[in-house]
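In: what follows is a predicted protein model with its sequence.
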Amino acid sequence: MEIPEATVENIEGAIRKLAGPDANELRLPAPSTFMSFFADAGLLQLVLTWARKSADGKAKFESIINKAPNFTESLEKLLGRPYALAAWVMAKHLLDANGDRIGRSEGKVFSNYLDAMDEFDFARTHPSSDGVNLLCVQGSPREYIRPLYEGGNGERKLRQFGEIRVVVQAALAHIAQDWPARKLLDISEAATQLTRELVENSDWWARADERGVFYSKGIRAITFRLVSVDDDRVEPFSGSNTHVRNYLIQSLAAESSVRHPALGSDKKEDLKELSFIELSIVDSGPGLARRWLSSGAHEKRQIADVDALTLAEEEEAVVACFRKWATSSGDANRGIGLFAVARLLRRRNGFLRLRTGRLSFLFGTRSAIADIERRLTLEQKDTSQPYLQLVDGTHVFMEDGKMLFFLRAWTHEALGAVEGTSFSVLLPV
């Protein structure tokens, strides 16, 4: 099976094929020059799912020839993509374009990659200047990279907000070198809150399976990307999802967008352009539903395979993770992380895609918010309740009688089951 073109629709199609007869070998071509929104996280989750499902998985790097003079350079470019690095770490066997075995010790690039992250050298973590990758590789001698964690002798802990903010500012400064200091500080405030909440969440949810047994291999990834979108590029970046398309169109209509001449475009008027920070947090854990049922639900049960649940049971468990003060960590001081993320997204006009198990949800667009508020009135819902579900299935979370955020199905098509959880956030900048 070959890694598909980097759009959400293609990736979801590939995930559905993971149970097929040709899924034992995963073929990784040269990286695509274009990647739609949410595709980076999707490709990473695809590879993680393949690795966990395949008993004897072979990852074939089709743009690399072992022992070739440009081997190191080619591998460095490829491993700058998180999904390729995940294949390098998680696959049982590594093959080059000719089908010859590659020894992991031959790929010194992986060690160099860990060095770059440990040394805050963000330019070396991504093949282009518009991205930064930070990966915690479970089972690696340096799982807890210094930008995110402190401590030693097995007592590693996530850094405090102020220290994480320094890291996020450095990452943003690398991908947005022309930003003035005020803008950098403003955006880093929101990006740091999202980063720390979601990284802490993945620390609790992702390192062990539903039984509490730690995985021998795993990935927790944080990626930053700066993307500029204009009127002509809405469809390529949004794909077929009308909610994403509406969000981009509405964001471009805002006063913060800029205009530039429509050179080479079919449009007669100037094009509106706006930049977005895409922040993704991806892990290789058991997924929200299985983890919640094993450690957070009132009647705990261990589910080895999400297909053992009905879709309704799975959805109920995922929604429970977003209830205010709900926690599966056993720590009474935690439990508002995802709730706080949603609050911040609404304040910053952000957009969220969540993918876990067989489910995917979204949050965003002013038109969706207006539609939900209208439906709350039409359906005569008791808005004093902290949680409501609309007739169309949308999950609505309330605070002081007002809608704070919602989870709406990304698609009504059946999705293949994935390992772990991915949160991908768009922030207009």
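Out: Okay, I see it.

In: count of residues packed around the closest residue to residue 235 other than its chain neighbours?
Out: Once flanking residues are discounted, residue 235 sits nearest to residue 245: 6.9 Å by CB to CB, 6 or more residues apart in numbering. Glycine gets a C-beta too; all of them are placed from N, C-alpha and C. By other CB atoms under 10 Å, the residues close to residue 245 number 16.

In: please report phi then psi for residue 245.
Out: Dihedral angles of residue 245 (phi, psi; degrees, to the nearest 10) stand at phi -60, psi -50.

In: again, but for residue 426
Out: phi -110, psi 130.

In: for it, what are its contacts?
Out: Contact analysis of residue 426 by CB atoms under 8 Å, 6 or more residues apart in numbering lists 37, 247, 276, 277, 278, 350, 351, 352, 364.

In: 6 Å - rerun?
Out: With contacts defined as CB atoms under 6 Å, 6 or more residues apart in numbering, the neighbours of residue 426 are 276, 278, 351.

In: name the helix or strand for residue 315, please.
Out: helix 311-320 (DSSP states H and E).

In: brain fart, residue 403
Out: Judged by DSSP H and E, residue 403 forms part of strand 402-409.

In: got the angle for that strand vs helix 311-320?
Out: 140 degrees (axes from the mean of the first three to the mean of the last three CA atoms, to 10 degrees).

In: residues contacting strand 402-409, please?
Out: The contact list for strand 402-409, computed with CB under 6 Å, 6+ apart, reads 342, 346, 361, 362, 363, 372, 373, 394, 395, 396, 397.

In: ok, for the second one, nearest residue in space, not its chain neighbours?
Out: Counting by CB to CB, 6+ apart, residue 405 is the residue found nearest to residue 346 once chain neighbours are left out, at 5.7 Å.

In: what's the spacing between that neighbour and residue 237?
Out: As judged by CB to CB, to the nearest Å, residue 405 and residue 237 stand 23 Å apart.

In: now the helices: where do they sit in the stretch 1-150 of the chain?
Out: Counting by DSSP state H, counting those that start in this stretch, one finds helices in the stretch 1-150 of the chain at the ranges 8-16, 39-53, 71-79, 82-90, 108-118.

In: so what's residue 172 up against?
Out: Residue 172 touches 184, 188, counting by CB under 6 Å, 6+ apart.

In: can you show me the CA trace of the helix or strand it falls within as CSV?
Out: Assessed by DSSP H and E, residue 172 sits inside helix 161-175. Extracted as CSV, the C-alpha positions of helix 161-175 are listed here (Å, rounded to 0.1, in the frame of the first residue of the first chain):
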residue,chain,number,x,y,z
PHE,A,161,3.7,27.5,30.8
GLY,A,162,6.4,30.2,30.7
GLU,A,163,9.1,27.8,29.6
ILE,A,164,6.9,26.2,27.0
ARG,A,165,6.0,29.7,25.7
VAL,A,166,9.7,30.4,25.1
VAL,A,167,9.8,27.3,22.9
VAL,A,168,6.6,28.1,21.0
GLN,A,169,7.9,31.7,20.4
ALA,A,170,11.1,30.3,19.0
ALA,A,171,9.2,27.9,16.7
LEU,A,172,7.0,30.7,15.5
ALA,A,173,9.9,33.1,15.0
HIS,A,174,11.5,30.5,12.8
ILE,A,175,8.5,30.0,10.5
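
In: circling back to that earlier point, looking at the helices of the stretch 1-150 of the chain, spot the one closest to residue 282.
Out: helix 39-53 (4.9 Å; CB to CB).

In: measure how the closest one sits relative to helix 82-90, angle-wise.
Out: Going by the same axes, to 10 degrees, helix 39-53 makes 20 degrees with helix 82-90.

In: buried residues in helix 39-53?
Out: 39-52 (16 or more other CB atoms under 10 Å).

In: same list (these) but as a markdown table, adding distance to residue 314 and pLDDT.
Out: As requested, the buried residues of helix 39-53 are exported to a markdown table (distance: CB to CB, whole Å; pLDDT from 0 to 100):
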| residue | distance to residue 314 | pLDDT |
| --- | --- | --- |
| 39 | 24 | 94 |
| 40 | 25 | 93 |
| 41 | 20 | 95 |
| 42 | 19 | 96 |
| 43 | 23 | 95 |
| 44 | 21 | 95 |
| 45 | 16 | 96 |
| 46 | 19 | 96 |
| 47 | 22 | 95 |
| 48 | 18 | 95 |
| 49 | 16 | 95 |
| 50 | 21 | 94 |
| 51 | 22 | 92 |
| 52 | 18 | 90 |
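
In: still on that earlier bit, just so I know, which of the helices of the stretch 1-150 of the chain lies nearest residue 284?
Out: Nearest of these (CB to CB): helix 39-53, 4.4 Å.

In: show me the shaky parts of the stretch 251-400 of the chain.
Out: Applying pLDDT under 70 to the stretch 251-400 of the chain flags the ranges 255-257, 259-269, 324-339.

In: top of the contacts of residue 426 by neighbour count?
Out: Most surrounded of those: other CB under 10 Å gives residue 351, at 26 neighbours.

In: surely it and residue 364 touch.
Out: Yes: using CB atoms under 6 Å, residue 351 makes contact with residue 364 at a distance of 3.3 Å.

In: so what sits against both of those two?
Out: Residues touching both residue 351 and residue 364 by CB under 6 Å, 6+ apart: residue 247.

In: how confident was the prediction at the residue nearest to residue 346?
Out: Residue 405 carries a pLDDT value of 85.

In: residues in a beta bridge with it, which ones?
Out: residue 397 (DSSP bridges).

In: what is the neighbour count of it?
Out: Residue 405: 23 surrounding residues under other CB under 10 Å.

In: fine by me, thanks again.
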